[in-house]
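Undergrad: sequence below, structure please.
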Amino acid sequence: MRSKYGVNKEITGEYDKSLAIRCSNGTFVGEEDDGVIAFKGVPFAKQPVGGLRWKEPVDAPDSDEVYEAKYFGHTPIQSEWPSEVASYYPQGEDCLNLNIWVNRENREEKKPVMVFFHGGSYGWGGTSDPIYDGQNLVKQYSDIILVTVGYRVGIMGFIDLSPLDEMGEYEKSGNLGLLDQVCGLRWIKKNIKAFGGDPDNVTIWGESAGAGSVSLLPLIDGVGGLFHKVISESGSVALTYSTEECRRLTDAIIKEAKAETLDDLLNLTVEELKDIADKVGDYSNYPERDGIVLPKDPYAAYESGLKTQCDMLIGTNADEGRYWLNEMGLYGNKTTGHLAYKVGMPQLYKSDVARFSASDREKAEKFIQMQEMDRPWQYTEFYNELIFRIPALKQAEEVSKNGGNAYVYYWTYPSALDELHACHAVELAYVFRNPHITIYTGGDVNLELADKVQDMWTNFARIGNPSTDEYNWEPYTPSNRKTMVIGEEIHMVENLMEEKRELIEPLRKYWVNGTYVGTLESMGKNFMKFVIPVAIAVPTLLIGGFVRKLFKDLIH
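TA: Numbers count the residues shown, from 1 in each chain. Okay, here's the model as predicted:
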């Protein structure tokens, strides 16, 4: 299923005023479907084209014009990939648009606002992906307003241009995607009341890279009052890069573009940018711990207190890493993907722990040995903990220590797809109530579970507490470590998998984040041992394509 494409046009004649909302930058006319009005492709900033390429976003100028809001805006520039459906939607630099769903049958004022940021490794994705469609959620929960916000990704949104930036004009280029999100939140603060939303009750929400985003936004200057609660699904501040890691993408773009100056990059056409994105996508960056937009140590920033006080609902899935079983094999090819995964995971583990201290390598080895499972699943569990669950618990702990309420979940309800189990992104069809999107669930969507989870998520957006009439969800604190397990049964657990947490917690300091380039560098001595079994067993699998998906980024 793909979103219909069109270009929103200015309206100069008559229009249905019952579907129109006047905003600071124009009046936007949406479309109604079964009692829900959707406003799509609403610009929240000046589009980052021409002289604004690789610059901080600029708020949309005021306007009295009237525009259609029928179609999603452009997907940000990126390479195409089958699991990122939005990558096949028309792309462009002019991608700073948002979408709003409002249930017109509910006339309440000051509705809670949920603002969602999509995933995609910070290099892929877009709001036109059907899994993020807000129709069903807002139809079911008529008092909720849902907003999905587009932002620059990949080479346009997260590239450190400092090697070519002699004048310091692009010092924030490593985090433009995050600054786009802040700009979108400013627009929402200014305009959401016109849609019936409460600008003083905004919950930012994301999955994967989106979850990393909503974990980082509270650390950015100037966000006070723009949001009040956070929902983070399978992402955290761990999904960031050092400046050194970010420079790999810069070097790759400079080489591919044959650029000697910043002007050489600024003069590239959109088609040339798309071509470069295809060629260097493997190097796609996470947000940069640059000491300018983001602190050098986001964990320490959480410890010292956020820029804006907020409560947090955060969690991870039991089998995050199994998502990459399909990603590795020419997408959906079970034979190639599963074999590549099973051969590659032990090598990935070896290369990562090689830079640990001797005592920390012992902790990692003890963790592996205590797993009662076959290869390579013990390595998958290692990364489930190190990249996903333990960083999320650290955030929850610091929110609690600094006076906020933190609620932690652990998703165990499985996918119907072979061996994926409770993989990364499997919960998306549930939380958006889009059971017809089966890319991760395999079609086996438990609608009763979807109801219960959406009750929790929307209650948190309303009042900052995900408890329901059926389930009392207790806050997570360093002393009780309460976690809501969401699976075949839903129940509260104290000190969930505590021995695993204690072994992995000291390893956070290595910032293991799934970057494949650094892994390849340290794998050189094992190259033939690593490649030959795959090359023999899977002749159809090109090494380049394998490397692309094996070490792309361990995040949807």
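
Undergrad: chain neighbours aside, what residue packs nearest to residue 6?
TA: Once its chain neighbours are removed from consideration, residue 6 has its nearest residue in residue 71; the separation is 4.0 Å (C-beta to C-beta, 6 or more residues apart in numbering). Yep, even glycine has a C-beta here, placed from its N, CA and C like the rest.

Undergrad: what's the burial count for the one you found?
TA: Neighbourhood size, residue 71 [other C-beta atoms under 10 Å]: 21.

Undergrad: for it, list the residues it contacts.
TA: Residues in contact with residue 71, defined by C-beta atoms under 8 Å, 6 or more residues apart in numbering, are 4-8, 40-41.

Undergrad: so residue 66 touches residue 27, yeah?
TA: Yes - judged on C-beta atoms under 8 Å, residue 66 makes contact with residue 27 at a distance of 4.5 Å.

Undergrad: return every residue with contacts to both of the two.
TA: With C-beta under 8 Å, 6+ apart as the test, residue 66 and residue 27 both reach residue 20.

Undergrad: on that earlier part again, output the contacts of residue 71 as TSV; include the columns pLDDT, secondary structure and distance to residue 325.
TA: Compiled in TSV, the contacts of residue 71 are given as follows (pLDDT from 0 to 100; DSSP: H, G, I helix; E, B strand; the rest coil; distance: C-beta to C-beta, whole Å):
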residue	pLDDT	secondary structure	distance to residue 325
4	83	coil	32
5	92	coil	31
6	95	coil	36
7	96	coil	38
8	98	coil	39
40	98	strand	33
41	98	strand	35
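
Undergrad: list buried residues within those residues.
TA: 8, 40-41 (16 or more other C-beta atoms under 10 Å).

Undergrad: isn't residue 422 right up against residue 411?
TA: Yes - contact between residue 422 and residue 411 holds when scored by C-beta under 8 Å: they sit 5.5 Å apart.

Undergrad: before we move on, back to that, ok, the residue nearest to residue 6 to residue 85 distance?
TA: Relative to residue 85, residue 71 is positioned 16 Å away (C-beta to C-beta, to the nearest Å).

Undergrad: next, count neighbours for residue 53.
TA: For residue 53, the tally of surrounding residues (other C-beta under 10 Å) stands at 19.

Undergrad: nearest residue to it other than its sequence neighbours?
TA: Of all residues not flanking residue 53 in the chain, residue 266 sits nearest, at 6.1 Å (C-beta to C-beta, 6+ apart).

Undergrad: who does residue 101 form a beta bridge with?
TA: When bridges are called by DSSP bridges, residue 101 pairs up with residue 38, residue 146.

Undergrad: can you give me the buried ones in the longest helix anywhere in the chain?
TA: Taking residue count as the measure and DSSP state H as the definition, the longest helix of the chain comes out as helix 334-353. By 16+ other C-beta under 10 Å, the buried positions in helix 334-353 come out as 336-345, 347-349, 351-353.

Undergrad: which element is residue 484 on?
TA: When secondary structure is defined using DSSP states H and E, the element that contains residue 484 is strand 482-486.

Undergrad: chain center to that strand: distance?
TA: Computed by C-alpha atoms, centre = their mean, to the nearest Å, the separation of strand 482-486 from the middle of its chain amounts to 22 Å.

Undergrad: only alpha carbons, please: show that strand as CSV.
TA: Provided in CSV are the C-alpha atoms of strand 482-486 (Å, rounded to 0.1, in the frame of the first residue of the first chain):
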residue,chain,number,x,y,z
LYS,A,482,9.2,-1.7,37.8
THR,A,483,8.6,-2.8,34.2
MET,A,484,5.3,-3.5,32.4
VAL,A,485,5.7,-6.7,30.3
ILE,A,486,3.4,-6.5,27.3
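
Undergrad: from the contact counts, what lies against that strand?
TA: When contacts are defined as 3 or more C-beta pairs under 8 Å, 6 or more residues apart in numbering; DSSP states H and E, strand 482-486 sits against strand 311-317, strand 406-411, helix 447-463, strand 490-494.

Undergrad: most packed of these?
TA: Comparing these by mean neighbour count (mean count of other C-beta atoms under 10 Å), strand 311-317 ranks first with a mean of 26.

Undergrad: show me where the chain dips below the pLDDT cut-off.
TA: In the prediction, the chain carries residues with pLDDT under 70 at positions 1-2, 329-335, 515-556.

Undergrad: how about 50 then?
TA: Filtered on pLDDT under 50, the chain yields the residue ranges 1, 330-332, 518-519, 522-530, 532-556.

Undergrad: and the strands in it?
TA: Per DSSP state E, the chain carries strands over the ranges 20-23, 25-29, 31-33, 36-43, 63-68, 97-103, 111-117, 145-149, 197-207, 229-233, 311-317, 406-411, 482-486, 490-494.

Undergrad: could those strands go into a markdown table alongside distance to residue 245?
TA: Output for the strands of the chain, formatted as a markdown table (distance: least, C-beta to C-beta, whole Å):
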| stretch | distance to residue 245 |
| --- | --- |
| strand 20-23 | 39 |
| strand 25-29 | 37 |
| strand 31-33 | 43 |
| strand 36-43 | 32 |
| strand 63-68 | 40 |
| strand 97-103 | 30 |
| strand 111-117 | 22 |
| strand 145-149 | 26 |
| strand 197-207 | 22 |
| strand 229-233 | 22 |
| strand 311-317 | 23 |
| strand 406-411 | 28 |
| strand 482-486 | 31 |
| strand 490-494 | 35 |
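
Undergrad: and of those, who's closest to residue 380?
TA: When the strands of the chain are compared by C-beta to C-beta, strand 311-317 sits nearest residue 380, at 11.6 Å.
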